[in-house]
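Visitor: A predicted structure for the sequence below; I have some questions about it.
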Amino acid sequence: MKNKNEPVYYGGQAVMEGILMRGTKAYAMAVRRPNGEIVIIEKPLSTLTQRYPFLKWPLIRGVVALCSSMALGFSALSQSADIAMEDEAPPESRFEKFLMDKLGDRFNDILKILAMVLAVIIAVGLFMLLPAFIGSRINAPGAFTGVIEGLVRIAIFVGYVFVVSRSKDIQRVFQYHGAEHKAINCHEANMPLTTENVAACNRLHKRCGTSFMLVVMVITMLLFMIIQIDGIWLRFASRILLLPVIAGLSYEVSVKWAGRRDNALVRAIIAPGMLMQRLTTVEPEVDQIEVAITALNKCLEQENPPKLPEIVLINELDENEPVELVESIDEPADILDASAPKPNVFALPTIEFEPLEKIKTGAQEE
């Protein structure tokens, strides 16, 4: 059972011209339109783990978290692209027009699902099956096959990130990635979320998905040093079937353990991931930091909704006698004068009414 005093660990993701922030109850996404306006989308998160508590068990929770993050991430990328490029009308080919005529409003939804499935297939093929194939082609004794496969996997991942980071569009996404980390680091340092404070914070973060991916690759290498399978097709099948186990173990190590501790061992384990983040994050601009602050503030509001102000009734209120007002929440009461101090507990005089019997008697006499 979760301790109520346990701090909330916020996470996020860079999207097209924006940032998504998520807590335990809800997520908020802020995206900047071409005209400079910031659009905010905020929604509650799925309560699947509350309905089925066994999904919070170790190893299982990692698989659930990975699947939910992937689904939310693809949806957020699609929504942010629609907002960020709403002024651009992409040319439609004859084939696209044909599909839109046949599928109608379902066309975009089907296209998004196909894109997500294709992305998963490419990722599994590039980072799981290709290294397994290359490792099987190299004659190495026993466990060394798993080591070679693991090193090839890491080399492909680093090379892939380096190549895509050369793109100007991806560089801008990496700037938002850096802004996301800076905002979370600022919040976790208990500093006010101002552009100056956020800009001064580190753009690297130990709970980053980049670090998680490297942990996944190291655990995969260690696992297949122990589990040695001959035959290329059985080797492929094992890499796919054991993906949930790898994801669960990686989540426990990277997020639940290393992500919430700070000691010499943790720093040594996350060091490669922190180094890798120098490729996947770039120093953001001020307008990107503003987007990160907007998204995180909205997420914080969802996690900690403001309480209603208390109303203190006083029977006799002397206008000449000052009334001491005590603040109870952060938001000021709107009914107070704008030039006066803005406390949250305010005083109202009690209105005295005539007794009902006296009112009736007076009406009869008239």
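Guide: Everything's here; your move.
Visitor: C-alpha from now on. contacts and neighbour counts both.
Guide: OK.
Visitor: what are the ranges of the helices in the protein?
Guide: Applying DSSP state H to the chain gives helices spanning 48-51, 60-84, 94-103, 106-124, 130-137, 144-164, 168-188, 195-200, 209-226, 232-241, 243-251, 264-280, 286-303, 356-365.
Visitor: Could you save the ones you listed as JSON lines and add columns showing distance to Gln13?
Guide: Formatted as JSON lines, the helices of the chain follow (distance: least, Cα to Cα, whole Å):
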{"stretch": "helix 48-51", "distance to Gln13": "21"}
{"stretch": "helix 60-84", "distance to Gln13": "7"}
{"stretch": "helix 94-103", "distance to Gln13": "30"}
{"stretch": "helix 106-124", "distance to Gln13": "17"}
{"stretch": "helix 130-137", "distance to Gln13": "27"}
{"stretch": "helix 144-164", "distance to Gln13": "16"}
{"stretch": "helix 168-188", "distance to Gln13": "7"}
{"stretch": "helix 195-200", "distance to Gln13": "17"}
{"stretch": "helix 209-226", "distance to Gln13": "9"}
{"stretch": "helix 232-241", "distance to Gln13": "26"}
{"stretch": "helix 243-251", "distance to Gln13": "17"}
{"stretch": "helix 264-280", "distance to Gln13": "12"}
{"stretch": "helix 286-303", "distance to Gln13": "10"}
{"stretch": "helix 356-365", "distance to Gln13": "64"}
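Visitor: Mean pLDDT, mean neighbour count and distance to Met29 for the ones you listed - can I get that in CSV?
Guide: Listed next are the helices of the chain as CSV, based on pLDDT from 0 to 100; neighbours: other Cα atoms under 10 Å; distance: least, Cα to Cα, whole Å:
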stretch, mean pLDDT, mean neighbour count, distance to Met29
helix 48-51, 80, 11, 21
helix 60-84, 89, 18, 8
helix 94-103, 67, 12, 28
helix 106-124, 85, 13, 19
helix 130-137, 91, 18, 35
helix 144-164, 93, 18, 24
helix 168-188, 95, 23, 11
helix 195-200, 97, 17, 18
helix 209-226, 92, 20, 18
helix 232-241, 93, 14, 32
helix 243-251, 93, 21, 24
helix 264-280, 90, 16, 20
helix 286-303, 95, 22, 5
helix 356-365, 48, 9, 56
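Visitor: residue nearest the centroid of the protein?
Guide: In the chain, the centroid-proximal residue (Cα atoms, centre = their mean) is Gly12; its distance is 2.7 Å.
Visitor: Pull the contacting residues for that residue.
Guide: Counting by Cα atoms under 8 Å, 6 or more residues apart in numbering, Gly12 makes contact with 19-22, 180.
Visitor: No more questions from me, cheers.
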